[in-house]
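>>> Next input, structure requested:
(one chain, ligands or ions: 1)
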Amino acid sequence: MDNRPLSIIHWPQAILHLDGDSFFASVEKALNPALKDKPVVTGQERGIASSMSYEAKKLGITRGMPIAKIKQEYPECIVVAGNYEAYTMFAGKIFNIMRRYTPAVEEYSIDEAFADITGLRKMHNCSYKEIAIKMQKDIMDELNISVSVGVSLSKTLAKLCSNFRKPFGITCVDGTNIHILLQKTPIEKVWGIGKNTAAFLRKYDCNTAYDFIKKDHIFVNRYLDKKEREIYNELKGEYLYKIKTDKKSTYQSISKAKTFTPTKDKEAILSQLYKNIEDACAKSRKYNLVATKFTIVTKTQTFFTNGQKVTLSRPTASASELYKIIEPLLDSLIIPNIIYRQTACVLSDLTADNNSQLSLFEDNLKIAKIEHLNKTVDSLNKKFGYNTIHLARSLKARSLYTRELAIPKLNIAV
Ligand SMILES: [Mg+2]
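Numbering: from 1, shown residues only. Predicted coordinates:
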């Protein structure tokens with residue numbers, strides 16, 4: 001194993017990631033001292049476990065396990081209903097404690113935040129590691145909540161660090177030690193590397209994050225997409241994903257559309273549609289947003305537009321969840337023997353993803369309402385506003401090309 005450091009600079013920048021340990025269950029314990037040292041499970045109202053205290057985890061209870069089963073098999077467990085107002089309040093207090101140390105705090109989810117602490121050693125008169133320890137101690141002393149903290153050179157590395165020791169862990173990895181952390185990290189544990197990418201990378205002998213970053217530029221340029229190349233560079237200690245301190249993103253909707261060589265091959269059309277959905281979901285997650293409304297549109301070679309707008313039973317930004325729920329609608333969107341030239345999708349009614357722990361479950365997600373939007377271009381224009389006219393014009397103008405088109409305001413007038 002190559003043991004040369006990746007960087008000779010200890011701290012070109014210092015990025016901190018803080019993650020609540022069994023957060024919902026921890027809040028329940030902080031609110032009710034009688035629950036101390038007891039196995040506590042939240043999620044009674046949903047019928048499945050949404051968060052478990054470490055004592056409950058030790059018993060073998062996992063997220064998503066049915067509450068009925070828990071009550072039967074683990075009668076010693078204390079099951080409570082989720083109190084999301086309390087969780088949000090505690091999250092706010094945690095973020096405010098972090099802001100005592102640096103104004104550059106990004107609230108990432110209900111129990112996770114990033115912070116840029118670069119250059120603050122002098123002000124706090126201590127090392128970066130000590131800043132992390134003080135933050136963690138303040139949160140424990142004042143709120144009785146256990147958090148794990150990681151500090152390293154990029155968001156991707158800091159996230160690996162906070163997950164490295166849990167609960168109540170502190171993991172600081174500077175530039176000269178990144179290689180050791182990466183050697184201990186299986187590739188699928190890397191933030192942003194999905195199952196498919198991990199399976200692909202393993203085929204090319206990338207079993208750890210370290211194997212991955214040792215791949216040369218020929219491999220990287222040939223096989224990786226933009227996001228994967230960013231992760232590759234973040235793992236090497238480059239600070240690409242910046243801390244976003246504004247609380248709310250300005251995004252009202254996220255749209256992806258793609259025009260392609262006209263075809264009636266259903267699989268080809270579907271793959272274009274799926275790509276749009278994946279891209280829109282990825283962008284939505286990047287800004288920590290989830291959508292409650294979801295629109296899919298197909299356009300035929302003769303510019304006939306066919307669309308379905310779906311209201312979801314709960315917000316999501318997961319493409320795999322959306323695939324499942326739109327499956328029954330596809331037959332009406334892609335009609336056999338009709339030639340199609342464009343697919344589009346719009347995520348709208350976006351809100352901050354404050355319940356990322358809950359969004360891991362798929363059981364409650366279903367279509368709450370479907371609106372059929374089968375329109376000709378003219379009536380679509382009337383309904384959607386002038387941007388659609390622009391879109392139609394662009395389509396005609398660019399009809400010979402295959403390229404992506406933005407449809408920025410499509411959802412706003414819907
Ligand atoms: Mg957590």
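>>> quick one: H10 is in a strand?
No. Under DSSP: H, G, I helix; E, B strand; the rest coil, H10 falls outside any strand and is assigned coil.
>>> Kindly give the local confidence score, pLDDT, for it.
Note on H10: pLDDT of 94.
>>> T176 is in contact with that one, correct?
Yes. At 5.9 Å, H10 counts as touching T176 under the criterion of CB atoms under 8 Å. Every C-beta, even on glycine, is put in place using the N, C-alpha and C of the backbone.
>>> Now for I254: which residues touch it?
With contact set as CB atoms under 8 Å, 6 or more residues apart in numbering, I254 has these partners: 280, 283-284, 289, 291, 346-348, 350.
>>> Over to it: give its phi and psi.
phi -130, psi 120 (degrees, to the nearest 10).
>>> Also A115?
Dihedral angles (degrees, to the nearest 10) for A115: phi -150, psi 140.
>>> between the contacts of I254, which is nearest I231?
K283 (15.8 Å; CB to CB).
>>> So for the closest residue to the closest one other than its chain neighbours, what's the pLDDT?
Computed as CB to CB, 6 or more residues apart in numbering, the closest residue to K283 that is not its neighbour in sequence is I254, at 5.2 Å. For I254, the model assigns a pLDDT of 86.
>>> Could you tell me which ranges of the stretch 201-350 of the chain sit under the pLDDT cut-off?
Within the stretch 201-350 of the chain, the ranges that satisfy pLDDT under 70 run 247-251.
>>> Spit out the contact partners of the residue in it that the ion sits nearest to.
Nearest residue of the stretch 201-350 of the chain to the ion, counting by CB to the ion: N288, 14.5 Å away. Each residue near N288 by CB under 8 Å, 6+ apart is listed here: 108-109, 249, 352-353.
>>> What separation is there between it and S152?
Taking CB to CB, to the nearest Å as the measure, N288 falls 21 Å from S152.
>>> May I have the phi/psi pair for the residue of the stretch 201-350 of the chain closest to the ion?
Here N288 shows phi and psi, under degrees, to the nearest 10, equal to phi 60, psi 40.
>>> Show me what from the protein comes close to the ion.
Contact residues (CB under 5 Å from the ion) of the chain with the ion: 19-20, 111.
>>> Show me which of the residues you listed are buried.
19-20, 111 (16 or more other CB atoms under 10 Å).
>>> Would you map the strands across the stretch 51-200 of the chain?
Using DSSP state E, counting those that start in this stretch, the strands of the stretch 51-200 of the chain run over residues 51-52, 78-80, 105-109, 112-116, 147-152, 170-172.
>>> Tell me the helices and strands packed up against the longest one.
This means strand 147-152. For strand 147-152, the elements it packs on are strand 15-20, helix 128-143, helix 155-164, strand 170-172, judged by 3 or more CB pairs under 8 Å, 6 or more residues apart in numbering; DSSP states H and E.
>>> So the most centrally placed residue in the chain, which state does it fall into?
Residue closest to the mean C-alpha point of the chain, counted by CA atoms, centre = their mean, is R285 at 4.1 Å. Using three-state DSSP, the three-state assignment for R285 comes out as helix.
>>> dump the residue contacts of it.
Applying CB under 8 Å, 6+ apart, we find R285 in contact with 317, 353.
>>> Could you do C345 as well?
Here C345 is in contact with 255-257, 273, 276-277, 280, 294-297 (criterion: CB under 8 Å, 6+ apart).
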